[in-house]
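>>> For reference, the sequence and a predicted model appear below.
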Amino acid sequence: MQDRRWTKVEETRMSRFDWDDLRFFLAVARAGRLTVAARRLGADHATVSRRITSLETALKATLFERRPQGYTLTGHGERLVIAAEAIESAALAASSDIGGADLALSGTVRVGAPDGFGTSFLAPRTVKLAETYPELEFQLVAMPRLLSLSKREADIAISLSPPKEGKIVARKLTDYRLGLYASRAYLEAAEPIRAPDDLFSHPLVGYIDDLIFMPELDYLDEIAKGLRPRLQSSSLVAQMEATLAGAGVCVLPHFMTARRAELAPVLPHIQLTRTFWLIVHAELKDVARVRAMVDFLVREVKAARGLFLPEAVPLASVERSPAA
């Protein structure tokens, strides 16, 4: 059975190279550029290049495609990353036996998240992460699309639904509530909104129909059939900024509006519920740096439960489960 296990020939090759070359290999694989990897390793780029060439010679395999834009892993390189990270994890585990494991955590962890969660919730908490793991480099990709773990666009992804296929480990991170909001200045000047049908007389702020990256975000018809936004953006952060400026009424998560005194709830009895899922590639779930990041995310979200799930008005709530 081949799957991702090393063959006897590959094991023989593995015994011929300098194990320390794997440090240089992982740095280049994670950074994508020699100069960036060299800076992280505290070495010059010529040394890094020489160590990569030495590793490729020992394995008799090309590990990277060299392009002007940077270094891209080949198929052989992708396979070696898995083995190299397993070795890295074992080394960190050994370090934990003699203390200082937290400080030993190093390398890069990339988290892909929807822009609202990534910008409003996660970004302000990265200071705590840096204090806990000073040698860990954190990359936050906060944008309105789901990043591919199989293509290594991210190590960890936050999604609004669990994956249906692939070597993926998913866990429910939290439910969260959304409601209608507008700026207080807008509401003071506008016609009153007493029922969902009144929204047809007000400008709405929302997503661009053909750029909604997950069906869970197509929620206006749940409030009133036929509602459509006049001002549209693919970014939830942009939608909130437009709403703050008085552009109209917008559906926003409570965790983004809780500390925005300029915003007021509209029809507060209408609430929608969605779910954030935490997703990791199965082959990375036991890598120390990834495991530490997962633990950090779970801990921070649990501590902020009131932000995600404020007390609701249950009788008139509008909810949809992720499976709906």
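Received, thanks.

>>> which regions of the stretch 151-300 of the chain lie under the pLDDT threshold?
Within the stretch 151-300 of the chain, the segments meeting pLDDT under 70 span 151-152.

>>> where do the helices sit along it?
In the stretch 151-300 of the chain, the helices defined using DSSP state H, counting those that start in this stretch lie at 184-189, 220-223, 236-244, 254-257, 288-303.

>>> can you give me the strands for this protein?
Applying DSSP state E to the chain gives strands spanning 64-67, 70-73, 107-113, 136-142, 156-159, 168-183, 204-206, 231-232, 249-253, 263-266, 272-281.

>>> Now do the same contact list for Arg305.
Listed by Cβ atoms under 8 Å, 6 or more residues apart in numbering, the contact partners of Arg305 are Thr174. All C-beta spots, glycine's among them, are computed from the backbone N, C-alpha and C.

>>> Begin at 293 from now on, thanks
Sounds good: first residue 293 from here, last item Arg597.

>>> quick one: it from Val572, how far?
Here Arg597 is placed at a distance of 22 Å from Val572 (Cβ to Cβ, to the nearest Å).

>>> Could you do Leu441 as well?
Taking Cβ to Cβ, one finds Leu441 at 7 Å from Val572.

>>> Overlap of the contact sets of these two?
Common contact partners of Leu441 and Val572 (Cβ under 8 Å, 6+ apart): 447-449, 460.

>>> now those residues in JSON lines, with neighbour count and distance to Ile374?
Compiled in JSON lines, these are given as follows (neighbours: other Cβ atoms under 10 Å; distance: Cβ to Cβ, whole Å):
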{"residue": "Asp447", "neighbour count": "24", "distance to Ile374": "13"}
{"residue": "Ile448", "neighbour count": "21", "distance to Ile374": "16"}
{"residue": "Ala449", "neighbour count": "24", "distance to Ile374": "18"}
{"residue": "Ile460", "neighbour count": "18", "distance to Ile374": "15"}
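
>>> Name the nearest of those relative to Met506.
Ala449 (11.8 Å; Cβ to Cβ).

>>> OK, contacts around that closest one?
403-405, 438-439, 441, 570-572.

>>> Filter those down to the buried ones, ChimeraX style.
ChimeraX command restricting these to the buried ones, with burial defined by 16 or more other Cβ atoms under 10 Å:
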select :403,404,405,438,439,441,570,571,572
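
>>> Just put the contacts of Ala449 in JSON lines and tack on distance to Ala550.
Output for these, formatted as JSON lines (distance: Cβ to Cβ, whole Å):
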{"residue": "Val403", "distance to Ala550": "22"}
{"residue": "Gly404", "distance to Ala550": "24"}
{"residue": "Ala405", "distance to Ala550": "18"}
{"residue": "Leu438", "distance to Ala550": "25"}
{"residue": "Leu439", "distance to Ala550": "26"}
{"residue": "Leu441", "distance to Ala550": "30"}
{"residue": "Leu570", "distance to Ala550": "21"}
{"residue": "Ile571", "distance to Ala550": "26"}
{"residue": "Val572", "distance to Ala550": "28"}
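
>>> just the contacts of Ala449 now: which is nearest Glu508?
Closest approach to Glu508 among those (Cβ to Cβ): Leu438, at 11.1 Å.

>>> Surely the closest one and Asp407 touch.
No: between Leu438 and Asp407 there is no contact under Cβ atoms under 8 Å: 11.8 Å.

>>> okay, now the domains of this protein?
The chain breaks down into these domains under automatic domain parsing: 293-395, 467-564.

>>> residue nearest the centroid of this protein?
The centroid of the chain falls nearest to Gly404 when counting by Cα atoms, centre = their mean (2.3 Å).
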